[in-house]
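A.B. asks: Okay, sequence plus prediction incoming.
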Amino acid sequence: MSQEKTTCVACQRDDAEVPLLQLSYRGGKFDICPQHLPILIHDPARLVGLLPGAEELSPADHHD
Ligand SMILES: [Zn+2]
């Protein structure tokens, strides 16, 4: 039986410690905690290596 552990992609805390929001991305399911959701929105480059494909996400706010 393959059981995927549900943890935040950024901090690896599980739902026993923090509420987790489930994301669908590129056919995969990922979870992120509210603390790290702003990173996904505003600074997804920080999730490169944690969330597959994060390097292709654009931040929601542009400062230039
Ligand atoms: Zn987190």
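C.D. replies: Ah, there it is. Everything numeric here is computed off the predicted structure, so don't read it as measured data.
A.B. asks: so who does the closest residue in space to residue 19 that isn't next to it in sequence touch?
C.D. replies: With C-beta to C-beta, 6 or more residues apart in numbering as the criterion, residue 19 has its nearest non-adjacent residue at 6.1 Å, and that residue is residue 34. For glycine as for every other residue, the C-beta is placed from the backbone atoms N, C-alpha and C. By C-beta atoms under 8 Å, 6 or more residues apart in numbering, residue 34 lies in contact with 18-19, 21.
A.B. asks: nearest to the ion, of the residues you listed?
C.D. replies: residue 18 (6.4 Å; C-beta to the ion).
A.B. asks: What separation do you get for residue 61 and the ion?
C.D. replies: 20 Å (C-beta to the ion, to the nearest Å).
A.B. asks: So that residue is in contact with residue 43, correct?
C.D. replies: No: Residue 61 is beyond contact range of residue 43, at 9.3 Å (criterion: C-beta atoms under 8 Å).
A.B. asks: If you count surrounding residues, which of these two has more?
C.D. replies: residue 43 (13 against 8; other C-beta atoms under 10 Å).
A.B. asks: List phi and psi for that one.
C.D. replies: phi -150, psi 60 (degrees, to the nearest 10).
A.B. asks: Name the nearest residue to it, sequence neighbours excluded.
C.D. replies: residue 59 (6.0 Å).
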